[in-house]
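Undergrad: requesting a structural model of the entry that follows:
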Amino acid sequence: MTVYLVGAGPGDPGLLTRRGAEVLATADVVVHDRLAPAELLELAPRGAEFVDVGKSPRHPTMAQDEINALLVDRGRAGRSVVRLKGGDPYVFARGAEEAAALLAAGVEVEVVPGVSSAFAVPASAGIPVTLRNVSTSVTVVTGHEDPSKPEPQVDWEALARVGGTIVILMGVTHLRQITGRLLAGGLPPDTPVAAVTWGTRPDQLTVRATLATIADHPVEAPATIVVGQVVAQDLDWFTRRPLFGRRVVVTRSRPQASELSRLLGERGAHVVETPVIEIGDPSDGGVALDAALADLAGTDWLVLTSPNGAARVCDRLTDARDLAGVKIAAIGPGTARELARRGIRADLVPPRFVAESLLEAFPDPSAAGGRVLLARAEVARDVLVDGLAARDWEVRVAPAYRTVAARVDDAARDLVRSADVVTFTSSSTVERFLDAFGVAAVPPVVACIGPVTAATARDAGLAVDVEAPVHTIDGLVDALCDWARDGTGGGPA
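TA: Below is the predicted model:
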């Protein structure tokens with residue numbers, strides 16, 4: 001088998017290359033370091049072995065020779081091994097040493113380059129490393145030299161005379177010595193300098209100063225330090241995103257959290273995924289739903305109230321022909337999309353994505369009467385059942401799924417306590433969150449997807465700061481962005 005040396009990129013999980021994601025998805029073993037984003041580990045298969053060999057300044061958890069031996073051992077065992085490294089494996093990393101050890105041992109190697117922080121981090125801070133008429137060259141240099149060498153290997157004074165842009169990686173510890181030598185080499189004291197800590201991540205922090213003053217600022221590692229006239233450019237886009245710096249809790253079940261997390265992350269939020277519910281089979285194991293789907297003769301409408309219900313129903317059908325002659329109503333575009341993904345088009349999607357709107361749009365039965373199959377969560381409001389029955393529809397209810405409380409660990413409690421916003425996408429997420437954390441742990445801002453969820457939160461004594469006028473995941477994110485920009489949080493539709 002092959003050992004893959006994979007560059008994880010500068011910090012943002014979205015900057016992993018496609019090839020990197022492909023090999024992670026088939027890994028038997030993942031050997032990862034401190035700067036590899038933890039979210040990337042979730043791309044590996046369940047059951048994969050994870051080995052943390054992370055290093056921090058002056059505190060390595062495993063010596064490099066031991067890491068080399070570990071990779072050789074796992075590779076010789078015929079397992080698919082991913083060595084996940086921050087940045088690029090061959091840019092001021094030990095990837096070349098690892099590759100040499102593997103090849104010497106007869107183990108196949110593939111190097112998967114990564115996006116280097118030398119270029120990605122300045123870009124996220126609004127700094128172009130080259131700029132026409134300002135800087136036509138860029139030098140990337142390490143500020144952390146091999147301590148075993150008796151003499152410094154970097155001629156900082158010579159670099160000062162080269163001109164152009166200088167990008168320094170791992171230079172925080174020796175920042176004062178480095179800047180002093182650049183000054184001694186002739187760079188003007190007022191040369192612009194920026195130090196970007198945790199670049200490309202939601203907690204990115206940029207310190208701008210001059211060559212003479214940057215060492216007086218509290219710069220923390222890991223930082224990418226940029227020296228040169230290009231730093232005078234301030235093309236910031238990263239921190240101008242509306243949710244930048246906000247820690248936002250996502251309470252949806254883990255399989256459903258990704259869409260909301262992605263949208264929040266694109267708008268700058270630091271997403272804290274803390275699922276408080278899990279989606280499972282109904283208490284009867286689906287017996288009632290199977291019976292209802294097997295007896296669709298004479299059924300006029302199938303009503304689906306959520307993507308979960310739509311998925312569960314579709315999973316139990318032989319194919320779409322099972323629904324021949326039955327019209328389908330779906331509450332919300334997410335439910336309609338789940339049906340469309342299975343090759344089924346909804347006949348009715350109400351303009352507002354709540355049960356009350358479906359009742360307003362639903363037709364009356366024929367003079368001979370009519371039958372409705374309502375496939376929904378095991379515990380749900382009876383608005384549809386009562387409303388349809390009041391209009392002389394015969395309603396059959398079949399539980400398609402149920403929500404149960406997810407296990408919450410101490411690490412999740414710590415993350416929630418430090419958050420700025422909590423998002424609720426259903427009444428069950430409100431109830432299970434309060435069961436798990438209590439009212440005292442609710443972050444300062446509460447954001448709800450719509451009026452039903454908001455009513456549940458208010459009934460529990462919470463103040464709802466953001467209520468999405470459009471009751472979808474996109475609508476919730478848009479409402480949060482409006483709140484962040486100008487303090488408005490949407491309101492009842």
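Undergrad: any idea how far the nearest residue to residue 25 once chain neighbours are set aside lies from residue 37?
TA: The shortest distance from residue 25 to any non-neighbouring residue, by Cβ to Cβ, 6 or more residues apart in numbering, is to residue 43 (5.8 Å). Where C-beta positions appear, they are placed from N, C-alpha and C, glycine not excepted. With distances taken as Cβ to Cβ, to the nearest Å, residue 43 is found 10 Å from residue 37.
Undergrad: same question for residue 157.
TA: Plainly put, residue 157 is 37 Å away from residue 37 if you go by Cβ to Cβ.
Undergrad: the more surrounded of the two?
TA: Neighbour tally, residue 157 and residue 37, criterion other Cβ atoms under 10 Å: the higher count belongs to residue 37, 21 against 14.
Undergrad: show me the contacts for the closest residue to that one other than its chain neighbours.
TA: Nearest residue to residue 37 in three dimensions, chain neighbours excluded: residue 13, at 4.5 Å (Cβ to Cβ, 6+ apart). For residue 13, the contacting residues are 37, 39, 40, by Cβ atoms under 8 Å, 6 or more residues apart in numbering.
Undergrad: for residue 137, what are its contacts?
TA: Listed by Cβ under 8 Å, 6+ apart, the contact set of residue 137 reads 130, 162, 163, 164, 165.
Undergrad: domains in the protein, by residue range?
TA: The chain is divided into the following domains under automatic domain parsing: 2-115, 119-232, 247-276+406-486, 280-404.
Undergrad: closest to residue 240 out of these?
TA: Across the domains of the chain, the minimum distance to residue 240, taken as Cβ to Cβ, is reached by domain 247-276+406-486, at 8.2 Å.
Undergrad: endpoints of that closest one, how far apart?
TA: In terms of Cα to Cα, to the nearest Å, the two terminal residues of domain 247-276+406-486 are separated by 18 Å.
Undergrad: for that domain, what is the distance to the chain centroid?
TA: Relative to its parent chain, domain 247-276+406-486 has a centroid offset of 14 Å by Cα atoms, centre = their mean, to the nearest Å.
Undergrad: please apply the same query to stretch 44-58.
TA: Per Cα atoms, centre = their mean, the displacement of stretch 44-58 from the mean C-alpha position of its chain is 19 Å.
Undergrad: report the rounded mean pLDDT for that stretch.
TA: Per-residue confidence for stretch 44-58 averages out to 82 on the pLDDT scale.
Undergrad: ok, stretch 99-109 next?
TA: The predicted confidence, averaged over stretch 99-109, sits at 96.
Undergrad: now that stretch: buried residues?
TA: Of the residues in stretch 99-109, those buried under the neighbour-count criterion (16 or more other Cβ atoms under 10 Å) are 99, 101, 102, 107, 109.
Undergrad: could I get those residues in CSV, plus columns for secondary structure and distance to residue 5?
TA: Converted to CSV, these look like this (DSSP: H, G, I helix; E, B strand; the rest coil; distance: Cβ to Cβ, whole Å):
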residue, secondary structure, distance to residue 5
99, helix, 6
101, helix, 11
102, helix, 8
107, coil, 11
109, strand, 7
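Undergrad: nearest to residue 73 among those residues?
TA: Using Cβ to Cβ, the shortest approach to residue 73 within these belongs to residue 107, at 9.5 Å.
Undergrad: about what we covered before: may I see the buried residues of stretch 99-109 organised as JSON lines, with distance to residue 399 added?
TA: Shown next, in JSON lines, are those (distance: Cβ to Cβ, whole Å):
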{"residue": "99", "distance to residue 399": "55"}
{"residue": "101", "distance to residue 399": "57"}
{"residue": "102", "distance to residue 399": "54"}
{"residue": "107", "distance to residue 399": "53"}
{"residue": "109", "distance to residue 399": "53"}
